[in-house]
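# Using only what follows, build the 3D model:
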Amino acid sequence: MRARVADTSECVEGIIIGPELRDRHRLAAHADRKVAIARRSLDFVPTNGSVFIDASTTCLFAAREVERRIGGNLTVVTCSPAVLRTFNSSSIQVVATPGELDTTLRAVLGPCTTSSLE
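Numbering: from 1, shown residues only. So this is what the prediction gives:
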């Protein structure tokens, strides 16, 4: 059971946790399924082209798989600071969307983000 408690805290199974612990909890939840989805998603990632990777934890697993396995001339666009930190490959260009950091969602969002993607 989950309930929002404060701006960046959350109640998980009766315990109030802060954002860092909450993020670790979300990453660990169903990790085996997230890895399977991430590996399957590689079938849809072009070697040459571009993809958008959002700020979900499942997409973070997918970003890790893309970093490990995709070569070529790929551009990744993301609103996720965590996804930005994932990439180190010189063959993958990473573009961050502009906007304001939503500390609850851990994503860069807002009107600037929307207009930059149009």
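# Just the buried residues of stretch 88-103, please?
Residues of stretch 88-103 classed as buried: Ile92, Val94, Ala96, Thr97, Gly99 (neighbour count, 16 or more other Cβ atoms under 10 Å). Heads up, the C-betas are built off the backbone N, CA and C, glycines and all.
# now, which of these lie within strands?
Those of the buried residues of stretch 88-103 mapping onto strands are Ile92, Val94, Ala96, per DSSP state E.
# now the strands: where do they sit in the protein?
Secondary structure of the chain (DSSP E): strands at 2-4, 10-12, 15-17, 49-53, 74-78, 92-96, 100-102, 107-109.
# I'd like those strands as TSV, with distance to Lys34 and mean pLDDT appended.
Listed next are the strands of the chain as TSV, based on distance: least, Cβ to Cβ, whole Å; pLDDT from 0 to 100:
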stretch	distance to Lys34	mean pLDDT
strand 2-4	18	41
strand 10-12	18	53
strand 15-17	20	49
strand 49-53	13	93
strand 74-78	17	94
strand 92-96	20	93
strand 100-102	21	88
strand 107-109	17	89
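# Mind putting those strands into JSON lines with distance to His30?
Compiled in JSON lines, the strands of the chain are given as follows (distance: least, Cβ to Cβ, whole Å):
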{"stretch": "strand 2-4", "distance to His30": "14"}
{"stretch": "strand 10-12", "distance to His30": "14"}
{"stretch": "strand 15-17", "distance to His30": "18"}
{"stretch": "strand 49-53", "distance to His30": "18"}
{"stretch": "strand 74-78", "distance to His30": "21"}
{"stretch": "strand 92-96", "distance to His30": "26"}
{"stretch": "strand 100-102", "distance to His30": "23"}
{"stretch": "strand 107-109", "distance to His30": "20"}
